[in-house]
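# any chance you could fold what I've pasted below:
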Amino acid sequence: MKKRIVSLVGGLMLFAAGTAGADHRLLVTDVLDPGKLDAAIAWEWARSAEESFTGSAIGFSVGAGVAKNLEVSVSAPYVLFNKLKWFSTDSGWGDLTVAAKYKILDENPFTLTAGLGVTLDTGSSRFSSGDTEYSPLIAISKDLGHETKPYFAYKPVLRGEDQLDTHTIRIGIEKELNHLVTFDGSFDMAFYSGGGAHDLREYTLDLATYLQLAKNFYLIPSAGFSYITVESEDATAWTLGTALYYMF
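Take a look at the predicted model:
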């Protein structure tokens with residue numbers, strides 16, 4: 001069982017690292033205006049507290065506002081290393097994700113955004129899921145005034161047969177201190193179905209800071225802590241990361 005949970009932790013943290021940067025679009029309900037472009041590059045490092053897993057990846061993403069309240073994006077991770085207790089892997093590309101988001105409501109009386117991502121089997125053999133994955137998204141935020149915005153998001157990741165489907169609920173708050181510094185804190189609750197892991201749960205606390213270096217250009221350092229449990233076993237892990245984001 002212990003070997004099983006270490007393998008699961010490695011896979012889950014690799015998945016988290018692989019998607020680094022894809023969701024750092026300042027606020028999950030934000031959608032680019034028509035004609036606007038943005039790009040992000042993010043690095044993330046993850047390690048289990050038991051030192052049974054260490055991994056690191058770089059995420060790349062670009063997005064475009066293609067119509068009013070509609071944006072599309074493309075993202076992909078490059079895994080630098082992924083080391084489990086019993087073996088390590090080479091570096092390589094993960095799968096490419098194509099996504100779209102549409103803003104249904106804009107602070108009337110709240111902001112509501114829906115989206116869909118499709119992850120294609122394009123990565124190297126070691127880091128590809130081997131199948132097409134679908135990631136619908138529903139997100140809500142509310143401007144409470146004083147530059148404070150709580151938000152909620154639900155994002156499942158639906159995979160092929162005999163693989164884990166992920167269901168993640170995120171609750172967070174964004175607080176702008178001034179035009180140069182914004183804090184974002186979130187708590188994720190994830191459970192998994194399929195693949196014989198019905199008792200797998202993951203809880204993650206993430207803290208990030210948006211530091212505006214120049215107009216439309218941000219540095220985003222972040223840190224996270226995860227608690228993962230499978231049946232009677234559990235594990236913890238830490239993540240550290242930083243991202244650069246620019247809107248054209």
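
# let me see the contact set for the nearest residue to Y134 once chain neighbours are set aside.
Nearest in space to Y134, with sequence neighbours left out and distances taken as Cβ to Cβ, 6 or more residues apart in numbering, is L158 at 4.6 Å. In this view, the C-beta of every residue, glycine as well, is placed from N, C-alpha and C. Neighbouring residues of L158 by Cβ atoms under 8 Å, 6 or more residues apart in numbering: 133-136, 165.

# swap in N216?
246-248.

# return the members of those classed as buried.
Among the contacts of N216, those scoring as buried are M247 (criterion: 16 or more other Cβ atoms under 10 Å).

# closest to A39 among the contacts of N216?
Of all those, Y246 has the smallest distance to A39: 5.6 Å, by Cβ to Cβ.

# surely that closest one is in contact with K215?
No. Counting by Cβ atoms under 8 Å, Y246 stays clear of K215, with 9.6 Å between them.

# tell me the pLDDT of G21.
Per-residue confidence at G21 stands at 38 (pLDDT).

# again, but for the one 3 residues further on
In this prediction, H24 carries a pLDDT score of 38.

# equivalent analysis for V9, please.
The model reports V9 with a pLDDT of 44.

# out of the contacts of N216, list just those in strands.
246-247 (DSSP state E).

# can you get me a residue count around L137?
For L137, the neighbour count with other Cβ atoms under 10 Å is 20.

# ok, and the closest non-adjacent residue to it?
G115 (3.9 Å).

# the one you found: what's it in contact with?
Neighbour list for G115: 99-102, 136-137, 139 [criterion: Cβ under 8 Å, 6+ apart].

# rerun at 6 Å
100-101, 137 (Cβ atoms under 6 Å, 6 or more residues apart in numbering).

# need these in JSON lines (columns: pLDDT and distance to D188).
Formatted as JSON lines, the contacts of G115 follow (pLDDT from 0 to 100; distance: Cβ to Cβ, whole Å):
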{"residue": "A100", "pLDDT": "98", "distance to D188": "22"}
{"residue": "K101", "pLDDT": "97", "distance to D188": "19"}
{"residue": "L137", "pLDDT": "97", "distance to D188": "14"}
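
# out of those residues, list just those in strands.
Using DSSP E, the contacts of G115 in strands are 100-101, 137.

# reformat these as TSV; add distance to D30.
Output for the ones in strands among the contacts of G115, formatted as TSV (distance: Cβ to Cβ, whole Å):
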residue	distance to D30
A100	14
K101	8
L137	12
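
# how about the helices in the chain?
Here the chain has its helices, by DSSP state H, at 2-18.

# helices and strands of it: which one bottoms out on pLDDT?
The helix or strand of the chain with the poorest confidence is helix 2-18; it has a mean of 42 (mean pLDDT, DSSP states H and E).

# where does the protein have low pLDDT?
For the chain, applying pLDDT under 70 flags the ranges 1-25, 51, 85-89, 195-198.

# recalculate using a threshold of 80.
1-26, 49-52, 83-90, 160-163, 194-199, 231-232 (pLDDT under 80).

# ranges for the strands of it?
Using DSSP E, strands in the chain cover 37-48, 53-67, 70-84, 88-89, 92-93, 96-105, 111-120, 133-141, 148-157, 165-176, 181-193, 200-214, 217-230, 233-247.
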